[in-house]
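Visitor: Predicted model and sequence below, questions to follow.
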2 protein chains.
Amino acid sequence: MSANALNAPGLRAWIDIPFQHDFPIQNLPFGVFETDERGPRLAVAIGDYVLDLYVLSQFGFFDDLTELGNAQPRVFRRRSLNGFLRLGRPAWRAVRQRVSELLRHDNADLRDHPEAARAALLRQRDVRLLRPVKPANYTDFYSSLAHAANVGTMFRGPENALLPNWRHLPVAYHGRASSIVASGTPIRRPQGQQLAPGADAPTFGPSQQLDFELEMAFVVGTGTTLGTPVPIEQAEEHIFGLCLFNDWSARDLQSWEYVPLGPFLGKSFASSLSPWVVTLDALEPFRTAGPAQEPAPLPYLQASGDHHFAIQLEAALAPAGGPETVLATPNYQGLYWSMAQQLAHHTSNGCNLEVGDLCASGTISGPTPDTFGSLLELAWRGTQPVPLADGSTRAFLLDGDTVTLRAYAEKDGVRIGFGEVSGTILSYEF
Amino acid sequence: MSANALNAPGLRAWIDIPFQHDFPIQNLPFGVFETDERGPRLAVAIGDYVLDLYVLSQFGFFDDLTELGNAQPRVFRRRSLNGFLRLGRPAWRAVRQRVSELLRHDNADLRDHPEAARAALLRQRDVRLLRPVKPANYTDFYSSLAHAANVGTMFRGPENALLPNWRHLPVAYHGRASSIVASGTPIRRPQGQQLAPGADAPTFGPSQQLDFELEMAFVVGTGTTLGTPVPIEQAEEHIFGLCLFNDWSARDLQSWEYVPLGPFLGKSFASSLSPWVVTLDALEPFRTAGPAQEPAPLPYLQASGDHHFAIQLEAALAPAGGPETVLATPNYQGLYWSMAQQLAHHTSNGCNLEVGDLCASGTISGPTPDTFGSLLELAWRGTQPVPLADGSTRAFLLDGDTVTLRAYAEKDGVRIGFGEVSGTILSYEF
């Protein structure tokens, strides 16, 4: 059975999965969980359950998977996917295929093994989902044309919105890996230097312009060698899968500090990563062409075939105790630079990628205001506060606000969902 | 015996150490080495020797050091110092003190134990010195006023040399941790996009403006908690020691790519780290005041006492097969922002530091041309090529050039040296 056969719309699991659920048998994203009784374990999401891969391994369901070498069962009892990723794509595919087989409606091996099934399947609501990878390095791109143009228009005016390099290379910067946290981790409002309008010296205090950024991040599954660029046709071979990513931003800190070396403390206080990594294999049916690129990129950034993915995104905000308002619904497909282009560019100077690296897209905004991926853009630098369902408005985030990002791809009645990443703003005061 | 007693000028080792050697008994920097027979081991440098800490541990010389818990001997048989650093400052101090005792001229425990001494002491020229830490995260500051003013003058003119934020905060950016390599690792000339003067579209090819940057980097030995800023008075408690650091830079790639998000591929192809980490304890006698800061920094960046260190630096260049020319000799003491200020600022927004993090100073330049820490400044953007001892000149680095950085602090006849970090430029072609 090929990797693609695992995506067939006709596949059904013996577990009951509601229509349009994020985690049907065609998805099988990887993550890490723990409970009070179990230390951290690798798992696959299926419907409302997590499937404990360590338990499956202990019950012998992976015994014949030679791709795992002698790494099992211990590689499944880890706090991150990194060790599993190091086993390589044949191992990832072998496990995903075996899990798919075990969950098929016509396969009794696990279904009719009450002891194993009871041990391996836990309700997702009964476990704590952890950060799925330990980020070795984190890079943030800036690959949405609408976002770059919006920000450029606000800060430099419409005639200088896009800087001269933007259409020639996927602009990016190194981000802070240490402060990438699991979904659900509260986000403490950062303090920092800011320059009040008209002031000639900065003050220090809690950020007044706290924002979210709706992003996707890909996980590097296969590292590269220092000094050896990756040709664009091979770029996707290094990608394991994708997550949702919220690159929290303190706009006031950022605008004061960022010249000439880029964002630093305005970003490094926290970024939030969704718990489930959706594999590139699961997204194969949603491959599509990206926007036309004009001018044509240099040869090292040109690839044949389709390297974009049609993924519907959503950003929502809920005040403390209040109802949620969907703020924006852009599509990942609209990103100007593809993951393959990002990775080829990233390694073009010989820079090496490591297993567990995260490469985020940058804020994803579409062409219309209902598709802007940050409050900075939605409220247009605070000039047009966004109305919420509870009657209040937001220019920037308030303490107690919860931001939740969601995403899915859907076709032929099958939804490949990403679950969600969320975070609630805490006061800067302890 | 206090940590300071280990620095007493009167201390002598039973190993013969030439006058003004970098590694007298007062220094005892930590590093990692391997040989064909021995896997990676932690070591201390003493004179022309490395002292194998794993061997010392196996022979029982650390048996009574309760600060090491049950981590020995295995913590000394590692590819990086990170595990040892995690044991905390009491463990670092206990090992340094024991090593100092064992090496004193009047201590016979190791000296008169031929088997142990023969196994523990190897000539430095007979071992391979490795990268001492696995960098968890890497931050590059921009803390030399002369460097920032030089670069600003070249690119924006003398009236806009320093940007408005520079005297208010230690400007910094996140660098690439994965491509930090050991001294001696060849540096392949990167390829990348560059915009020729007058051109309206970039081309892709080998960098023509390859440069070095003379920097110092401090190693974080004690991590911090996400969401919890470190008060400046406690900042140095998190620092283990310092290394030499060469932040290789491709100026043509950098100047095209860096707006608006900062340096990326112009830096991420490689940085070189010296093999020996000189502890902050060993540098204690060289503590000194820094330059006056005007305007006074905000309160979270104000500290009582002296937080700069008088360390003499040197950058030298040798063409392939040719003699070496010393290009610059600035002093670390002249840095505008201290390590304590850098660390307090870095964590002021709640960003967490991890054990093994590297925080580099940025290029260190003094006020006069013989103290400029990069070719960009020495040759003033290529307009005044630098003469070398072999009669050639350099605007930027050529293939085959070897750049070597050195540093030492000296007082009362005792030199606390850093050894060196060097790298040779390879052609971009394989």
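Guide: Noted; the coordinates are in hand.

Visitor: who touches the residue in the stretch 151-300 of chain A that chain B sits nearest to in this structure?
Guide: For the stretch 151-300 of chain A, the residue closest to chain B is residue A:262, as judged by C-beta to the nearest C-beta, at 2.3 Å. From N, CA and C alone the C-beta is placed, and that goes for glycine too. Residues in contact with residue A:262 (C-beta atoms under 8 Å, 6 or more residues apart in numbering or on different chains) are A:173, B:173, B:174, B:258, B:260, B:261, B:262, B:263.

Visitor: so the second one sits in a helix?
Guide: No - Residue B:173 sits outside any helix when classified using DSSP: H, G, I helix; E, B strand; the rest coil, being strand.

Visitor: That one: how many residues sit nearby?
Guide: Other residues near residue B:173 come to 24 when the count uses other C-beta atoms under 10 Å in any protein chain shown.

Visitor: So for it, what's the pLDDT?
Guide: Per-residue pLDDT puts residue B:173 at 98.

Visitor: ok so, going back, which single one of the contacts of residue A:262 is nearest to residue A:55?
Guide: residue B:174 (38.9 Å; C-beta to C-beta).

Visitor: Enumerate every residue touching that closest one.
Guide: Counted by C-beta under 8 Å, 6+ apart, residue B:174 has contacts A:173, A:174, A:175, A:176, A:262, A:264, A:268, B:137, B:138, B:139, B:140.

Visitor: Can you tell me the SS state at the nearest residue to the fourth one once chain neighbours are set aside?
Guide: This means residue A:176. Spatial nearest neighbour of residue A:176, excluding adjacent residues (C-beta to C-beta, 6 or more residues apart in numbering or on different chains): residue A:268 at 3.7 Å. Here residue A:268 is coil, with the state taken from three-state DSSP.

Visitor: With adjacent residues omitted, what lies nearest to residue A:233?
Guide: residue A:303 is the one closest to residue A:233 (C-beta to C-beta, 6+ apart), at 6.0 Å.

Visitor: and the one you found, what does it touch?
Guide: A:232, A:233, A:235, A:338, A:340, A:341, A:344.

Visitor: can you tell me the helix or strand for it?
Guide: Assigned by DSSP states H and E, residue A:303 belongs to no helix or strand.

Visitor: pretty sure residue A:98 is in a strand, no?
Guide: No - secondary structure of residue A:98 (three-state DSSP): helix, not part of a strand.

Visitor: Just confirm it contacts residue A:65, I think it does.
Guide: Yes - the pair residue A:98 / residue A:65 is scored as a contact, 6.3 Å apart, by C-beta atoms under 8 Å.

Visitor: Looking at the two, which is more packed in?
Guide: Set side by side, residue A:98 and residue A:65 show more neighbours around residue A:98, with 19 against 16, by other C-beta under 10 Å.

Visitor: any idea of the pLDDT on the more buried one?
Guide: 98.

Visitor: Can you name the residues of the stretch 201-350 of chain A that neighbour chain B?
Guide: Counting by C-beta under 8 Å from any C-beta of the partner chain, the stretch 201-350 of chain A comes close to chain B at A:201-204, A:226-227, A:229, A:250, A:253, A:256-266, A:268-270, A:295, A:298-300, A:345-346, A:348-350.

Visitor: if you set the cut-off to 7 Å instead, what comes out?
Guide: For the stretch 201-350 of chain A, the contact set with chain B under C-beta under 7 Å from any C-beta of the partner chain comprises A:201-202, A:204, A:226-227, A:253, A:256-257, A:259-265, A:268-269, A:295, A:298, A:300, A:348-350.

Visitor: Among those, name the buried ones.
Guide: A:202, A:204, A:226-227, A:253, A:256-257, A:260-265, A:268-269, A:298, A:300, A:348-350 (16 or more other C-beta atoms under 10 Å in any protein chain shown).

Visitor: Helices - which of the residues you listed land there?
Guide: A:253, A:256, A:257 (DSSP state H).

Visitor: In this structure the last one contacts residue A:264, no?
Guide: The one in question is residue A:257. Yes - counting by C-beta atoms under 7 Å, residue A:264 is a contact partner of residue A:257 at 5.6 Å.

Visitor: Leaving out the residues flanking it, which one is nearest to residue A:206?
Guide: Closest to residue A:206 by C-beta to C-beta, 6+ apart is residue A:428, at 4.0 Å.
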